[in-house]
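1. I'll drop the sequence and a predicted model, then ask my questions.
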Amino acid sequence: MENEIINLLLQKSCTKQAVYRNTQAVFADFQKILKKKAERLTKEVTAKDNCVEIAYSSKGKFEAQIKFSGDTLLFNMHSNVFDFPSTHAIHKTKYVKQDKLRSFCGVIHIYNFLSDSLKYNRMNDEGLLIGRVFINKDSHFLVEGEKQLGFLFNDFVKQEINKDQIDKIIDSAMIYSLNFDLQTPNINDINVVSVHQIIEMSALQKTRTAKRLGYKFSFEK
């Protein structure tokens, strides 16, 4: 029994630690590239229109944001390591069959929010999870997501994460967000409002605006 525990610790636990360290290094690259991209785009865009704001910010080693006009992309690294369901396509690949531990991945989530939702702390507003980046111990990666994010980066067997790939992932997420415009809700969904909601709306602008909230911020209780 103890030998089995030791073997599992040496295999799974050591692999998960390696995956975590790998994902952490990749996320640090995300942060650096996001910062440089914000600086570069600011020079290009504000030279023609200084009303368009582009800014990078970070709240620690697990979270980073890039704001570009009315949109904000928030990148969040999960602190845990995951395996895919047994029915997932990667388990059918020769690459994973040769080493089952290759399916363990760290995850970086990409959320799209309205910039005003964060600026005015409109806690009822919703954001949208537009992509998930999975990275394994060999630095192979896969992106599940919306539109181009879902089909440009889906070759887990051959793809290895690097700074060029990270840059392309960020660009694809920004293009998707810029093309995903805010739409007015159906009037029948908002035609009843309470006095309490009106008071809150005036004080804190808490009318819900649609970009789906997927998690709580690190500073929220």
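-> Looks like it came in fine.

2. Determine the longest strand present in the protein.
-> Longest strand of the chain, by residue count under DSSP state E: strand 71-82.

3. Tell me the buried residues in stretch 130-150?
-> By 16 or more other CB atoms under 10 Å, the buried positions in stretch 130-150 come out as 130-137, 139-143, 145-146, 148-149. The C-beta positions use only the backbone N, C-alpha and C, and glycine is treated the same way.

4. Return the subset of those residues lying in helices.
-> The helices, defined by DSSP state H, take in Gln148, Leu149 from the buried residues of stretch 130-150.

5. residues contacting Asn22?
-> Asn22 sits next to Gly106, Ile135, Asn136, Lys137, Ser139 when contact means CB atoms under 8 Å, 6 or more residues apart in numbering.

6. Now for the first one, how many residues are close by?
-> For Gly106, the neighbour count with other CB atoms under 10 Å is 27.

7. and it, what element?
-> Using DSSP states H and E, Gly106 maps to strand 105-114.

8. ok, back up a step: contact partners of the helix or strand following the longest strand of the chain?
-> Sequence-wise, the next helix or strand downstream of strand 71-82 (DSSP H and E) is helix 94-97. Helix 94-97 has contacts (CB under 8 Å, 6+ apart) with Ile90, His91, Arg102, Ser103, His140, Phe156, Val157.

9. burial measure for the closest residue to Val45 other than its chain neighbours, as a count.
-> Distance criterion CB to CB, 6 or more residues apart in numbering; nearest residue to Val45, sequence neighbours excluded, is Val52 at 5.0 Å. For Val52, the neighbour count with other CB under 10 Å is 13.

10. which ones are touching Val52?
-> Val45, Thr46, Phe68, Ser69.

11. Kindly indicate whether it is helix, strand or coil.
-> coil (DSSP: H, G, I helix; E, B strand; the rest coil).

12. Next, give phi and psi for it.
-> phi -90, psi 110 (degrees, to the nearest 10).
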